[in-house]
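**Q** give me a 3D structure for the following:
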Amino acid sequence: MIAAAAEMLERSGYAGAGINELLEAGKAPRGSLYFHFPGGKEQLAVEALQASSAEVTRLLGEHLASSKGLVTGLRRALTQLADRAEASGFEKGCPVSAVVLSSGATPEPVRAAAAEALQSWQQLLTERLRAEGLTAAESRRRAALVLSSIEGALLLMRAHRSRAPVEELSKELERLLSLE
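**A** Model (predicted):
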């Protein structure tokens with residue numbers, strides 16, 4: 001159910017993920033939703049966002065740790081995200097952005113889970129930039145810039161149904177980070 005909910009949230013946002021659709025996608029009877037998630041759709045959405053966040057954190061962490069440089073790691077992560085989006089017919093992008101973009105219709109705990117996901121990714125980038133020798137303040141600023149750029153490229157990719165925005169960002173990462 002969590003995986004099905006994560007996919008629905010990514011495609012449709014919180015308001016677009018109806019209970020009947022969530023149950024159908026998760027192949028679960030109605031009673032099981034409230035049995036496993038006493039907080040209903042809201043609790044399921046929070047847990048789905050946490051699972052999606054953990055997956056992106058793992059992906060990003062692996063690429064940043066295994067690469068010979070920050071830019072190379074980010075490029076590999078961007079390629080994997082673009083591949084994933086393309087395979088879904090550009091229905092997927094960032095697993096939390098659809099929730100954030102529909103935040104007016106999203107309960108506070110669900111919005112907070114999305115914000116926490118973004119914060120954890122920014123923290124991961126900040127730590128990696130610190131390892132490059134930047135100050136704490138400069139690392140935080142550049143991590144925010146990089147994360148904003150990635151989120152924007154993923155949004156543009158979905159809107160244009162093309163991986164070009166992510167590929168263009170990938171080419172500009174070195175200049176964006178100015179790690180000379």
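
**Q** quick one: furthest residue from the center of the protein?
**A** Largest separation from the mean C-alpha position in the chain: residue 31, at 29.8 Å (Cα atoms, centre = their mean).

**Q** specify the local secondary structure of it.
**A** Secondary structure, DSSP: H, G, I helix; E, B strand; the rest coil: residue 31 is helix.

**Q** what's stretch 148-162 in contact with?
**A** Stretch 148-162 has contacts (Cβ atoms under 8 Å, 6 or more residues apart in numbering) with 74, 78, 81-82, 85, 89-94, 97, 118, 163-166, 168-169, 176. C-betas here are computed from N, CA, C, even on glycine.

**Q** 6 Å - rerun?
**A** Contact with stretch 148-162 is made by 85, 90, 93-94, 163, 165-166, 169, as judged by Cβ atoms under 6 Å, 6 or more residues apart in numbering.

**Q** from those, which two are the most distant?
**A** Spanning the widest gap among the contacts of stretch 148-162 are 90 and 169, at 15.9 Å by Cβ to Cβ.

**Q** when the two are compared, which one has more neighbours?
**A** residue 169 (22 against 16; other Cβ atoms under 10 Å).

**Q** before we move on, back to that, now do the residue farthest from the centre of the chain against residue 41, distance only.
**A** 14 Å (Cβ to Cβ, to the nearest Å).

**Q** what do you get for residue 178?
**A** For residue 178 relative to residue 41 (Cβ to Cβ), the value is 44 Å.

**Q** who has more neighbours out of the two?
**A** residue 41 (19 against 8).

**Q** surely the more buried one is in contact with residue 19?
**A** Yes - using Cβ atoms under 6 Å, residue 41 is in contact with residue 19, at 5.5 Å.

**Q** now the terminal residues of stretch 21-40, how far apart.
**A** 14 Å (Cα to Cα, to the nearest Å).

**Q** for that stretch, what is the distance to the chain centroid?
**A** Centre-to-centre, stretch 21-40 and its host chain are 24 Å apart (Cα atoms, centre = their mean, to the nearest Å).

**Q** buried residues in stretch 92-109, which are they?
**A** 92-100, 102-103, 106-107 (16 or more other Cβ atoms under 10 Å).

**Q** got the contact list for that stretch?
**A** So stretch 92-109 is in contact with 9-10, 13-15, 42, 46, 49, 52, 84-85, 111, 114, 117, 151, 154, 158, going by Cβ under 6 Å, 6+ apart.

**Q** what's the offset of the helix or strand of the chain with the lowest mean pLDDT from the middle of its chain?
**A** Ranked by mean pLDDT, DSSP states H and E, the helix or strand of the chain with the weakest confidence is helix 19-25, at a mean of 78. Here the centre of helix 19-25 is set off from its chain's centre by 22 Å, with Cα atoms, centre = their mean.
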